[in-house]
Structures are given as C-alpha cells and as structure tokens.
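S.K.: return a 3D structure for these sequence lines:
(one chain, ligands or ions: 1)
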Amino acid sequence: MKNQLKIGIIGCGGIAQGKHLPSLSKLEQVRIVAFCDIVVEKAEKLAAQYGIADAKVYAKYLDLLEDTSIDVIHVLTPNNSHAEISIAALEAGKHVMCEKPMAKTSAEAQKMVEAAKRTGRKLTIGYNNRFRPDSQYLHKLSSQGDLGEVYFAKAHAIRRRAVPTWGVFLDKEKQGGGPLIDIGTHALDLTLWMMNNYKPKSVMGNVYYKLGKKENSANAWGPWEPEKFNVEDSAFGFITMENGATITLESSWALNTLDVDEAKCSLCGTEGGADMKDGLRINGEKHSKLYTNNIELGAGGVAFYEGKSESDADLEAYLWINSIIDDTDPIVKPEEAFVVTQILEAIYESAKTGKAVYFN
Ligand SMILES: NC(=O)c1ccc[n+]([C@@H]2O[C@H](COP(=O)([O-])OP(=O)(O)OC[C@H]3O[C@@H](n4cnc5c(N)ncnc54)[C@H](O)[C@@H]3O)[C@@H](O)[C@H]2O)c1
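M.R.: Sure, this is the predicted structure:
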C-alpha cells in the first residue's frame, strides 16, 4: 500500500508488547519503522518481532525524533516522561499517541495540549476502555439522551490484590501516584466521556497507605516488595460538577472487599440508569413498573456465531490511525484527558490538605 504512515515506538515494555504493537501490526495503513528504549535490547527485540526489515533502533528518543520520515510516535514510557517526550515529538512535527495517564500533573498536561495546538499535530491518550463494545454501546445510548440528565455517577477501579510488580508502578517520583493515577484514571475518563461533562466545580479526596507495607501479601502478580511500595494503595474522590452532578471515584490495587470492578462506571439519570458491572445493564421505569435490561453485545442470530469481534486495543489503534489519515479529531481528545488529570491531581491535593479543591 502506498503512503503508509511511518510509526516510531518510544518505550518498549509491557504496554508496547501487550497492546500497541499487536494492534498496529494488523493495520495495512502503517509501517513500524523505529523503536527506542533506554534498555536498547528491549527495542532490538521488538524491532525484530514487529518492525519492517530495516527498522531502526535507538537508546535516546531525541535521536529517533530526528528522523523526518516518521509521521506518528507512540509514547509508551513511565508517566514521568509522557509530557517531555510527547511535547518533543509534537515539536518535531509528529502526531502523538501517549499512554495513560496523560501526565503526572495538570501543568504538564496543559503544556501537552498547548503543544498540540501550536504545532497543529494530533495528540491522543491511550484510554482504550472507551473502545470496548459495552463502552461504545453505552456512549451511544447516553449521547442520544436515553438516560436523560445524568446527575450521579460512580467510577469503579477496585482490585482486591492486584498490585503491578513490574516496571516503576510503585515509584511515586516516576509515576506520580498509585492506583488513582494508574487505574482510577481509566474509570474517571470513561465516566466523564459517558456524561459528556468536563466541567468540575470541586473535589474532595482521601488517600490511604494501609496495605502496601505488608510482607508476603497474596497478589495477582506475586508478592510485591514493601520497601519499594511508595505510593498510595487506595484513593477515593467525591467530585461535584458545575451543573450540580456528583461523581464518586473509588480506586485501589489492594482492598479488603468482594466488590471488585475496574474500568467501569455506573450512571444514574432522570430517564434511566446504566451499570457496567456484571455485564451492561440498563434500568428504569416504564408503565409503572421497574425494568432491567441486559444488553447482549454479540451479533447474535446464528447459533455458535457471535459475529466479528475486535479487541478494544485493535479498535483504538484503527480509529487513531484513521483520524490521522482522514484528518478528523481522535476519539480521545487531549482537552478531555487534561480534565481527568486535573481531577486526579485535586484528589491528591485534597487528601494532603484535608480541604476541598475548587476550580475556577
Ligand atoms: N492502557 C492501559 O491500560 C495501560 C496498561 C499498562 C500500562 N499503561 C501505561 O503505559 C506506560 C508504560 O507502562 P508499562 O507497563 O509498559 O511499563 P514498563 O516498565 O513495562 O515499560 C516502560 C518502558 O519504557 C522504557 N523507558 C523508560 N524511560 C524511557 C525513556 N526516557 N526513553 C525510552 N524508553 C524509556 C523502560 O525501559 C521500559 O522498557 C505507563 O504510563 C502506564 O501507565 C497503560
């Protein structure tokens, strides 16, 4: 295919291998031409697996950005370098997909939004949960007004014991925080997108450091090292929006509860409600009776055939690349991710001061 977009990958760890490269390599519109990691062997390995025959390998991202033939950069490094690398890539004339969370702070996120505007390049953030079938369906339903005015919502990001033990997830300096900025970010993004409401008025939050220092804890990825656990293990927020709507946000990597769910939201509106927990269920009242509808997301109709199914990662990559080709807005807009970053930062701030944070 002529005029394929040339992609450069910066950060060749878990999310590069688990999400971006398998999905990008299915698209005939792209060629993955360059790989960078400070551990250069990681870049070499992925270049051999996913790159074109003469793919370039770099240890320094600034060297990769000098290649003027590269159109698109995927920034897949720890959170502390998202802003720096994304801004440098935008300034070098590239379109940028940056992994979530957008940045460690709202000041950094603001600079990323400004850099995209200044350079006229596209910037998106890797909120892949928007591309799940249940999210796509609920977004359509909510945007068409089926739920009426959504005035209460819950963002769920709760694990019993699933603390990431690889990479730098427990390092506050490199990540900016723990489960709130890591998985709370997905749940809050999903909730704001469903509500189409990006105007927070005030935020209160509490952050806990209760279980991270326990030795030999049960954990999905094996025991963590307590001395390295320097971020919160759970965080909770109470967000009031300018229009009066309330959002509660629950996030934890380790909590003694059976009520676990992640990257999900519940919405309560004047015409109906929706819960992503236990499948997608829509509830309401009709003809003086309450109803609950379970939404079946498969194609249906033919026994044993569920229709074509695409993973959220595949759909995210496909729509992102096509937004560049067609010159349309990406589904995840940087201004939206900026508001998510602002709210998460306000939860940390409120937890520190014991006071509500008000937005102008
Ligand atoms: N969308 C999701 O659900 C999801 C899931 C996991 C991780 N992530 C995000 O992806 C990012 C990376 O997470 P991960 O799990 O892949 O971590 P990881 O530690 O496995 O990979 C990060 C890689 O970046 C490299 N790196 C660090 N600094 C660099 C630099 N300046 N230049 C080039 N390479 C550099 C590291 O050597 C490492 O190989 C994080 O921001 C994380 O929040 C998103």
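S.K.: what sits closest to the residue of the chain found nearest the ligand if chain neighbours are left out?
M.R.: Distances between the chain and the ligand by C-beta to the nearest ligand atom are smallest at G13, namely 1.8 Å. (C-beta placed from N, C-alpha, C; glycine too.) In space, and not counting its chain neighbours, G13 is closest to G167: 6.1 Å by C-beta to C-beta, 6 or more residues apart in numbering.
S.K.: give the contact list for that neighbour.
M.R.: 13-14, 78 (C-beta atoms under 8 Å, 6 or more residues apart in numbering).
S.K.: in a helix, that's where it is, yeah?
M.R.: No. The assignment for G167 (DSSP: H, G, I helix; E, B strand; the rest coil) gives coil, which keeps it out of a helix.
S.K.: flag every residue of the stretch 1-150 of the chain that's near the ligand.
M.R.: Neighbours of the ligand within the stretch 1-150 of the chain, by C-beta under 6 Å from any ligand atom: 10-15, 36-39, 42, 61, 76-79, 81, 99-100, 126, 128.
S.K.: the stretch 151-300 of the chain too?
M.R.: Residues of the stretch 151-300 of the chain lying near the ligand (C-beta under 6 Å from any ligand atom): 166-167, 182.
S.K.: dump these into CSV; add pLDDT as well.
M.R.: CSV is the format used below for those (pLDDT from 0 to 100):
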residue, pLDDT
W166, 92
G167, 91
D182, 98
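S.K.: looking at those, spot the one nearest E345.
M.R.: Sorting those by how near they are to E345, with C-beta to C-beta, puts D182 at the top with 14.1 Å.
S.K.: doesn't the closest one fall inside a helix?
M.R.: Yes. Under three-state DSSP, D182 falls within a helix.
S.K.: count of neighbours near it?
M.R.: For D182, the count of nearby residues is 21 (other C-beta atoms under 10 Å).
S.K.: surely it and F169 touch.
M.R.: Yes. In this structure, D182 is within contact of F169 by C-beta atoms under 8 Å, at 6.4 Å.
S.K.: what touches both of those two?
M.R.: Shared contacts of D182 and F169, counting by C-beta under 8 Å, 6+ apart, come down to Q175.
S.K.: where in the stretch 1-150 of the chain is pLDDT low?
M.R.: 1-2 (pLDDT under 70).
S.K.: who touches the residue sitting nearest the centre point of the chain in this structure?
M.R.: Residue closest to the average C-alpha location in the chain (C-alpha atoms, centre = their mean): Y127, at 3.0 Å. Y127 makes contact with 100, 185-186, 189-190, 193, 332, 337 under the criterion C-beta under 8 Å, 6+ apart.
S.K.: in the helix or strand E336 falls within, what's buried?
M.R.: Per DSSP states H and E, E336 falls inside helix 334-353. Neighbour counts over helix 334-353 (16 or more other C-beta atoms under 10 Å) mark 334, 336-348, 350-351 as buried.
S.K.: now do stretch 20-34
M.R.: Residues of stretch 20-34 classed as buried: 20-24, 27, 29-34 (neighbour count, 16+ other C-beta under 10 Å).
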